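Enquirer: using only what follows, build the 3D model:
(one chain, ligands or ions: 1)
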Amino acid sequence: MSKIKLDAGDEVAASKFIVANTKLMSPPLVPEIVLHLAEESMPIWQKSEDELGEMNVPPPYWAFAWAGGQALARYLLDHPDICQNKRVLDLGAGSGLTAIAACRTGARDVLAADIDELALAACRANARANSVQFSTTRDDLLARPIDRFGVLLVGDLFYERTLADQVIATIDAAKALGAVVLIGDPQRSYFPRDRFTRLADYQVPVTRDLEDSEIKRTTVWLA
Ligand SMILES: C[S@@+](CC[C@H](N)C(=O)[O-])C[C@H]1O[C@@H](n2cnc3c(N)ncnc32)[C@H](O)[C@@H]1O
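Expert: Numbering: from 1, shown residues only. Below is the predicted model of the structure:
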């Protein structure tokens, strides 16, 4: 495979990298959505480091449908009233899986936020693949006061302590502004389970070499 040079903000190069290193597939729990996903974790992780590493490109989280995101997308698709006609924020969107589920269930407008430019390019590619439209932002929404949203979606963001603390503060702020906040989480290390109300449990098939297991018990919570 030829080497792709990615300049920051270069949508064409980003799309090429995404298409060259992924396959359009459905996440196991969400067969009605297709995503550009890596077939195995190591090659794309290695490629991201080799080809993009010198530019400080973060790990390719966007190339996987994480357990939290799969459970949350499943829950939204099975409860289509939640996002109906609402303004929705998908925080730490990764592939954009839950943003797509929100669009599919009639959200008025959807914003996918991620600090990784390549993730946002993946969101846009995945939106096209599913014939939906949503906006993307690279602004770090965890670092400033949150806007008013009807629904805040948090898929699998409790894997690092600092990130988890920021996400909890943002959840509290969004709730104070009246948002419905839904979280998908497979009991990551920094998930504060006592704060939230359990809505549904799923057995989510995941990538064994990422998760060290083939199924992750994952819960959708209401904050
Ligand atoms: C484990 S992935 C989850 C992706 C998706 N929500 C899912 O469930 O499949 C975490 C994502 O959060 C993003 N992220 C990390 N820190 C962030 C921040 N401060 N603001 C927005 N996104 C962030 C990462 O770039 C990555 O795409």
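Enquirer: which bits of the chain sit near the ligand?
Expert: 58, 61-62, 65-66, 68-69, 92-95, 97, 113-116, 119, 140, 142, 155-157, 163 (Cβ under 6 Å from any ligand atom). C-beta here means a position set from N, CA and C on the backbone, and glycine is covered the same way.
Enquirer: could you rerun that using 8 Å?
Expert: Contact residues, the chain versus the ligand (Cβ under 8 Å from any ligand atom): 58, 61-62, 64-70, 72, 90-95, 97-98, 113-116, 119, 140-143, 153-157, 159-160, 163, 166, 184.
Enquirer: ok, of those residues, which come out buried?
Expert: 61-62, 64-70, 72, 90-95, 97-98, 113-114, 116, 119, 141-142, 153-157, 159, 166, 184 (16 or more other Cβ atoms under 10 Å).
Enquirer: quick one: residues contacting the residue most central in space within the chain.
Expert: By Cα atoms, centre = their mean, the mean C-alpha position of the chain lies nearest to residue 93, the distance being 3.1 Å. Neighbour list for residue 93: 99, 112-114, 119-120, 123, 136, 155 [criterion: Cβ atoms under 8 Å, 6 or more residues apart in numbering].
Enquirer: what is the nearest of those residues to the ligand?
Expert: residue 155 (2.9 Å; Cβ to the nearest ligand atom).
Enquirer: tell me the pLDDT of the nearest residue to that closest one once chain neighbours are set aside.
Expert: Spatial nearest neighbour of residue 155, chain neighbours left out: residue 69 (3.5 Å); criterion: Cβ to Cβ, 6 or more residues apart in numbering. pLDDT for residue 69: 98.
Enquirer: ditto for the one 3 residues further on
Expert: As predicted, residue 72 sits at a pLDDT of 98.
Enquirer: surely it is in contact with residue 186?
Expert: No. Here residue 72 does not reach residue 186: they are 10.9 Å apart, not a contact under Cβ atoms under 8 Å.
Enquirer: run the chain-centre distance for the longest helix anywhere in the chain.
Expert: When the chain is parsed with DSSP state H, its longest helix is helix 161-176. Centroid separation for helix 161-176 versus its chain: 16 Å, with Cα atoms, centre = their mean, to the nearest Å.
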